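Enquirer: build me a structure from this.
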Amino acid sequence: ILRSGLGMTESMLELLPNAGVHHIGMYRQNLMPVQYYNRLPKKCESDVAYVLDPVMATGNTIMSLVKMLKKWGVPKIYVLSVIASRDGLKKLVEAHPDICVSVGTVDDKLDENGQVLPGLGDAGDRLFGTDAIDDEEALLHPSKRRKFSIDE
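Expert: Numbering: from 1, shown residues only. Now for the predicted structure:
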């Protein structure tokens with residue numbers, strides 16, 4: 001999952017050097033996943049998919065991606081995360097009992113913004129040294145943003 005999963009890709013390719021890499025870009029808005037990028041080939045020729053996402057908080061993003069991969073036609077799905085919330089992990093496993101999930105550690109709490117506590121913060125921001133965007137409009141393409149007049 002872009003962009004946080006990029007930090008796990010190189011290590012995964014050391015384990016599976018002949019694996020193909022496909023990217024799905026997602027971010028959260030009001031705790032729900034929003035897809036902004038998809039580079040899956042039209043036809044699925046994959047026997048297995050490894051979903052790399054360092055932090056599984058509410059589970060909504062991973063659940064959305066797993067549903068997408070199943071619809072694409074992948075028969076076997078593995079989810080790999082460094083940290084998961086207990087609630088997000090439970091929700092994912094109950095919704096998709098047929099997938100394999102591996103996490104490094106499980107934290108008990110989520111804050112009001114859906115971040116894992118104590119967690120590690122936003123993995124993508126940490127990886128790329130960027131600050132979190134509080135203004136949802138800043139995520140939109142400039143042509144889609146609200147127009148302001150000089151009088152405002």
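
Enquirer: when you work out contacts or count neighbours from here on, use the C-alpha atoms and nothing else.
Expert: Fine.

Enquirer: show me what the biggest strand by length in the chain is packed up against.
Expert: Counting residues, the longest strand found in the chain (DSSP state E) is strand 76-85. When contacts are defined as 3 or more Cα pairs under 8 Å, 6 or more residues apart in numbering; DSSP states H and E, strand 76-85 packs onto strand 48-52, strand 55-56, strand 100-107, strand 116-117.

Enquirer: relative to H23, which of the ones you listed is closest?
Expert: Closest to H23 of the helices and strands packed on strand 76-85 is strand 48-52 (Cα to Cα; 9.7 Å).

Enquirer: distance from the chain centre to the closest one, please.
Expert: 12 Å (Cα atoms, centre = their mean, to the nearest Å).

Enquirer: which residues touch it?
Expert: Contacts to strand 48-52, defined as Cα atoms under 8 Å, 6 or more residues apart in numbering, come from residues 1, 5-6, 8-9, 69, 74-81.

Enquirer: the inter-axis angle of it versus strand 100-107?
Expert: On the basis of axes from the mean of the first three to the mean of the last three Cα atoms, to 10 degrees, strand 48-52 is oriented at 20 degrees to strand 100-107.
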